[in-house]
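>>> Sequence plus the predicted model coming up.
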Amino acid sequence: TAALDIQNLHKTYHNGFTALQGINLRVEQGDFFALLGANGAGKSTTIGIISSLVNKTSGQVSIFGYDLDTQREQAKAQIGLVPQEFNFNIFEPVEEIIANQGGFYGIPRKQAFERAASLLNQLGLWDKRREQARNLSGGMKRRLMIARALVHQPRLLILDEPTAGVDIEIRRSMWDFLAQLNANGTTIILTTHYLEEAESLCRNIGIIDRGELIENTSMKQLLNRL
Ligand code: ADP
Ligand code: ADP
C-alpha cells in the first residue's frame with residue numbers, strides 16, 4: 001500500500017471557486033515528497049483534504065490503505081500535520097503544548113511528556129520546555145509545531161511551507177532533522193515554493209498549477225531537464 005493515494009480529487013469551495021480539478025497522486029511509503037506550486041495553485045487545499053481539515057467535493061483519498069471517507073479516524077492517526085499558521089496557545093508552556101496534543105491521540109500523560117522531552121531535545125528546544133510559547137522566536141515556534149505534530153509518532157508527516165520566514169541557519173538544522181526523520185522511516189510530504197528546499201531534501205516531486213498536477217517525477221529527472 002502507498003502512504004498516500006489520491007484519485008481524481010476535486011474541490012470546489014462554497015463561493016463556487018474550483019481549487020482542485022482532478023488530482024491523481026501516489027506517494028510511496030518512505031518517500032520524501034515535495035508538492036510545489038505558485039501561490040494559489042492548490043497546495044494547501046490538497047493538504048487540508050488529506051488531513052481532514054477541508055472537505056473534498058469528490059474523489060478518493062487513502063492513507064496507508066485507510067480510506068478517508070470510511071476509515072477517517074484510522075487515516076487521521078497515521079498523519080502528523082504542520083500547518084503554515086501557528087495555532088497553539090501562546091500562553092501555554094512549550095512541553096505542555098506537545099504533551100496535550102498526545103492526549104488527543106490517547107497517549108498516557110507520562111508517556112506524552114517523555115515524548116515531548118525527546119522531541120524538544122532533538123529539535124534544540126530542550127532549554128525552552130518550560131517557557132510560554134509566546135517567548136519563542138519565529139524559528140522556535142516553527143520547530144514547536146513540528147514537535148507537536150510528531151508526538152503520536154505518525155507514519156506520514158505533512159508540512160505546509162515549513163521554513164517560510166525562517167532564517168538560513170535554522171532552516172538548515174530543520175532540514176537535517178527532517179532528513180534524519182525520513183531516514184528512520186517516516187514518510188514526509190512538504191509544500192514549498194523554494195525549489196532549493198525541495199532539491200536538497202526530496203526524492204520525488206509534484207508540481208501543481210491551477211488545481212492540476214502538471215508534473216510528477218523524481219527530483220533527479222527534473223534537475224536533468226532544467
Ligand atoms: P468549504 O467549501 O470547504 O466548506 P468554505 O467555502 O465554507 O469552505 O470556506 C471556509 C472558510 O474559508 C470561510 O471562513 C471563508 O471565509 C474562508 N475563505 C474564503 N475564501 C478564501 C480564500 N480565497 N482563501 C482562504 N480562505 C478563504
Ligand atoms: P496554495 O496553498 O497553493 O497557495 P490554496 O490551496 O491555499 O493554494 O488555494 C487555492 C485556491 O483556492 C486559491 O485561489 C485560493 O484563493 C482559493 N481558496 C482557498 N481557500 C478557499 C476558501 N475557503 N474559499 C474559497 N476559495 C478558497
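Good, I have the coordinates. Ligands and ions are numbered 1, 2, ... in the order given.
>>> Can you show me the CA trace of the helix or strand of the chain with the lowest mean pLDDT as CSV?
Within the chain, no helix or strand scores below helix 195-201, which has a mean of 88 by mean pLDDT, DSSP states H and E. C-alpha atoms of helix 195-201 as CSV (Å, rounded to 0.1, in the frame of the first residue of the first chain):
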residue,chain,number,x,y,z
LEU,A,195,12.9,24.8,-5.4
GLU,A,196,16.1,24.8,-3.4
GLU,A,197,14.3,23.3,-0.4
ALA,A,198,12.8,20.6,-2.5
GLU,A,199,16.1,20.0,-4.2
SER,A,200,18.1,19.4,-1.0
LEU,A,201,15.5,17.2,0.7
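>>> List the buried residues for that helix?
197-198, 201 (16 or more other C-beta atoms under 10 Å). For glycine as for every other residue, the C-beta is placed from the backbone atoms N, C-alpha and C.
>>> Dump those to CSV, plus distance to ligand 1.
Shown next, in CSV, are these (distance: C-beta to the nearest ligand atom, whole Å):
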residue, distance to ligand 1
197, 23
198, 24
201, 27
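>>> circling back: and for the least confident helix or strand of the chain, what's in contact with it?
Applying C-beta atoms under 8 Å, 6 or more residues apart in numbering, the contact partners of helix 195-201 are 32, 34, 36, 163, 171, 175, 178-179, 182, 188, 190, 192, 205, 219, 223.
>>> Narrow these to those in helices?
171, 175, 178-179, 182, 219, 223 (DSSP state H).
>>> Please list the residues of the protein that sit near ligand 1.
Residues of the chain lying close to ligand 1 (C-beta under 6 Å from any ligand atom) are 13-15, 54-55.
>>> so who does residue 192 touch?
By C-beta under 8 Å, 6+ apart, the contact set of residue 192 is 34-36, 161-163, 198.
>>> my guess is residue 41 meets residue 208, correct?
Yes. At 4.6 Å, residue 41 counts as touching residue 208 under the criterion of C-beta atoms under 8 Å.
>>> which of the buried residues of helix 195-201 lies closest to residue 87?
The closest of those to residue 87 turns out to be residue 197 (C-beta to C-beta; 22.1 Å).
>>> how far away is residue 5 from residue 16?
Per C-beta to C-beta, to the nearest Å, residue 5 is found 28 Å from residue 16.
>>> Could you list the paired strands of the helix or strand encompassing residue 5 along with their orientation?
Take DSSP states H and E as the rule and residue 5 turns out to sit in strand 4-12. With DSSP bridges as the test, strand 4-12 is paired with strand 18-27 (antiparallel), strand 58-63 (antiparallel).
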